[in-house]
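S.K.: just the structure for this:
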Amino acid sequence: MTSRKVRSPVERMLGYARVKEARDPNVSAERLHELAADDIIPVRLYTAPSFAAPPAVLLRLASDEEESVRWCVLLNPEADEPVLRRLAERERAESAGHPAAPRFAVRSLIVHHPNASSALHAELLAEGACGCGCGCPAYCGLDVWRALISRWREAGRF
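M.R.: Got it, this is the predicted structure:
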């Protein structure tokens, strides 16, 4: 968790304006690159789930120090293979210090992500990322992602 910075009212209002900009579905890819580097966490938090975010923006945000930003990247259906790998590697590195109880919160979702390649899927299964015990021969959690994307399409967000 990053340390909190006390901001002036003007800085807060400018931050709110950038959050609003990040939430705009018509924001440009160039502007999303700038917003991904913002020092105000909510700006990055709302940049991460943007369907307009190009892969380079998602890749940058997948390395963000804030866990909540990384979770928003994971939930973005536009997250591609390199983004998913970076998220998996981050969790793997954080779990390395705790071999008795490795964390699989992120990797258990990545293993079922529709953009995960079969190689990444197999790699995560070998690590034990799927906790349902089925071995995922048919990608047991893929339906969850498909339902989520279907709801987004119905709402006109995707």
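S.K.: grab the most central residue of the chain for me.
M.R.: The centre of the chain sits closest to Val73, judged by Cα atoms, centre = their mean, with a distance of 1.7 Å.
S.K.: what about the helix or strand harbouring that residue, average pLDDT?
M.R.: In this assignment (DSSP states H and E), Val73 forms part of helix 67-74. Averaged across helix 67-74, the pLDDT comes to 94.
S.K.: Glu81: what's it in contact with?
M.R.: For Glu81, the contacting residues are Asn115, Ala116, Ser117, Leu120, by Cβ atoms under 8 Å, 6 or more residues apart in numbering. All C-beta atoms are positioned from the backbone trio N, CA, C, and that covers glycine.
S.K.: the residue nearest to the centre of the chain against Asp80, yeah?
M.R.: No: with contact defined as Cβ atoms under 8 Å, Val73 does not count as touching Asp80 (10.9 Å).
S.K.: what touches both of those two?
M.R.: For the pair Val73 and Asp80, residues contacting each of them under the criterion Cβ under 8 Å, 6+ apart are Leu58.
S.K.: the helix or strand hosting Arg92 versus helix 67-74: what angle between them?
M.R.: Arg92 belongs to helix 81-95 when elements are defined using DSSP H and E. Orientation note: helix 81-95 sits at an angle of 150 degrees relative to helix 67-74 (axes from the mean of the first three to the mean of the last three Cα atoms, to 10 degrees).
S.K.: buried set for helix 81-95?
M.R.: Buried residues in helix 81-95, counting neighbours by 16 or more other Cβ atoms under 10 Å, are found at Val83, Leu84, Arg85, Arg86, Leu87, Ala88, Arg90, Glu91, Arg92, Ser95.
S.K.: the fourth one and Asp64 touch, don't they?
M.R.: If I follow you right, that is Arg86. No: using Cβ under 8 Å as the test, Arg86 is too far from Asp64 to be in contact (10.5 Å).
S.K.: can you list contacts of stretch 33-43?
M.R.: Counting contacts by Cβ under 8 Å, 6+ apart, the residues outside stretch 33-43 that touch it are 2, 5, 7, 15, 18-19, 21-22, 27, 44, 47, 53-54, 56-57, 60-61, 66, 68-69.
S.K.: which of those residues fall in strands?
M.R.: When strands are assigned by DSSP state E, not one member of the contacts of stretch 33-43 lies inside them.
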